[in-house]
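Chemist: heads up, no residue letters with this:
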Ligand code: COA
């Protein structure tokens, strides 16, 4: 059994090139030229073909490894003829074969010789003609994308154009930093080594030609009508004459579809952002993906997540879009900004917070008779004394009695933020949507002050006059539908708060007093809480305290 180690072939000078895909598995029987791995630098991707046929015994690389020429890729048990041909010599004869050497893809343009020169020449702004570099033997390669426009500032190494043959796509990097003055080719042009590509005006140190004869006299250096220098010349790491880029634009890690056409840098960007290219619509020529396609896709996704349109990776399938006009007459009503914000916040809170809702009725018979007895005084003071200020005071008392409700979960997942202040939000129904102004230091304020402040904030909310600071800093929220109706509801916690109280409509109900049924004014209440921060027992204590205070408001004095 002859085992060969298949190494990384000549990469045209490229070093530490990332493995983005492993195309074979141990046990696979492979043919000559079958792709083993796909490597990708920031300029090119290349499939490394097998120089021999055989069975894969073991892999020596993992995805993400950085490989250089000569590094072992895998162990191959040779097929019949190859095995006998190789004899006992386990040196990788195939490594040196031209087949493997052909797997060269990196296309680089030489650094301007003058820039590299250690000669201390004065810097000068100079228009340089940048030619198409050595394409490793390929000829008449099509320009499929222009990565820059006239006027763009480019840095050395930035891609200028993307070329594509039937085997490879390659980005041609700028050999210098500067401003693009002219583009000498258009999408669809067929180009070969040395053709004019662009004129770039850059700062270069004008090295004396005599000191760099190799650069200016290179047979591959194009004649320049613009520059007398030798800025853009032959590739620093020109592939061997027989080499042809084995870059398959369709090959892409993570892109299962072979019909995905994108340059290496586009695929690299897609991979960095976790974008599956096959999910995008390509906008480039010949259905190629561009970097803008990837950016627009991510931008749209973020916008959808922020607006609550999609679940943001929770795996929850979106509700299908339906054409309701199929079923009858419809009209489209534009959502207000507040409605859109509420929608996003509700989705966020509903999906993030594990909710539990507990219900109880508070006997507010005495509270109501006290409140009504204060009507005349309230009128004198110019305020309306509704049940809300009492609820605010009772909630503040319960928050003091059960501090586990007055917390937020810290983002580090290691702490609770215990608050030593009591600010309470009040949900207000407005023509524009739901708003939650916050009343500060409820524990320190009296009923009149709370009545006046809640009425003022509710009016501001309805008039659209609330400032952002009026809606910040709540520890707890009260959502009252008491004036509207209902027996009970399950409010959604307004994170980062950990609890919210829902107030429904008070009604006279028969309550057993131990001897008989008595008509009592009962107020249905519900408390939803974040079960990560609060346990049922905490809620039981919180609720008991709240209900007892509402049943006998003298307790507020204790
Ligand atoms: N049961 C019975 N009646 C109630 C009540 C309750 N729980 N709560 C209020 N009422 C009564 C009030 O006493 C008042 O009657 P009165 O004039 O005879 O005294 C009447 O209903 C109207 O009260 P209102 O003006 O709404 O004042 P309020 O202080 O009770 O409420 C707001 C103020 C801002 C909370 C309220 O106007 C509001 O916007 N509620 C809607 C909140 C909301 O949409 N929540 C849902 C969030 S998803």
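Modeler: Everything's here; your move. Here the structure is a predicted model, which is why all the values come from computation and not from measurement.
Chemist: Identify the residues contacting the residue in the chain positioned nearest to the ligand.
Modeler: When scored by CB to the nearest ligand atom, the chain has residue 482 as its residue closest to the ligand, at 1.9 Å. (C-beta placed from N, C-alpha, C; glycine too.) By CB atoms under 8 Å, 6 or more residues apart in numbering, residue 482 lies in contact with 387, 503, 504, 505, 506, 523.
Chemist: Out of the residues you listed, which sit inside strands?
Modeler: Among the contacts of residue 482, the residues falling in strands (DSSP state E) are 503, 523.
Chemist: Pull the most distant pair out of the contacts of residue 482.
Modeler: 387 and 504 (11.3 Å; CB to CB).
Chemist: Find the residues that touch each one of the two.
Modeler: By CB under 8 Å, 6+ apart, the residues touching both residue 387 and residue 504 are 482, 523.
Chemist: circling back: which ones, among the contacts of residue 482, also lie beside the ligand?
Modeler: 387, 503, 505, 506, 523 (CB under 6 Å from any ligand atom).
Chemist: Go through those and name the one nearest residue 159.
Modeler: residue 503 (62.1 Å).
Chemist: what about residue 478, which helix or strand?
Modeler: strand 476-480 (DSSP states H and E).
Chemist: Kindly apply the preceding question to residue 399 instead.
Modeler: Here residue 399 is assigned to helix 387-401, by DSSP H and E.
Chemist: for residue 509, same thing?
Modeler: Short version, using DSSP H and E: residue 509 is in strand 507-512.
Chemist: and the angle for the strand holding residue 478 with helix 387-401?
Modeler: 150 degrees (axes from the mean of the first three to the mean of the last three CA atoms, to 10 degrees).
Chemist: elements contacting strand 476-480?
Modeler: If you count contacts as 3 or more CB pairs under 8 Å, 6 or more residues apart in numbering; DSSP states H and E, strand 476-480 packs onto helix 387-401, strand 424-426, strand 499-503.
Chemist: With mean pLDDT, distance to residue 468 and mean neighbour count as extra columns, can I get these in TSV?
Modeler: Below are the helices and strands packed on strand 476-480 laid out as TSV (pLDDT from 0 to 100; distance: least, CB to CB, whole Å; neighbours: other CB atoms under 10 Å):
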stretch	mean pLDDT	distance to residue 468	mean neighbour count
helix 387-401	97	22	23
strand 424-426	98	13	24
strand 499-503	98	20	26
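Chemist: CSV for the ones you listed, including distance to residue 440?
Modeler: As requested, these are exported to CSV (distance: least, CB to CB, whole Å):
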stretch, distance to residue 440
helix 387-401, 11
strand 424-426, 9
strand 499-503, 18
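Chemist: Indicate which one of the ones you listed is closest to residue 331.
Modeler: Closest to residue 331 of the helices and strands packed on strand 476-480 is strand 499-503 (CB to CB; 31.8 Å).
Chemist: Contacts for the closest one, please.
Modeler: 387, 391, 395, 405, 476-482, 488-494, 523-530, 534, 539, 542, 546.
Chemist: now with 7 Å?
Modeler: With contact meaning CB atoms under 7 Å, 6 or more residues apart in numbering, strand 499-503 is reached by 391, 395, 405, 476-482, 489, 491, 493-494, 523, 525-530, 534.
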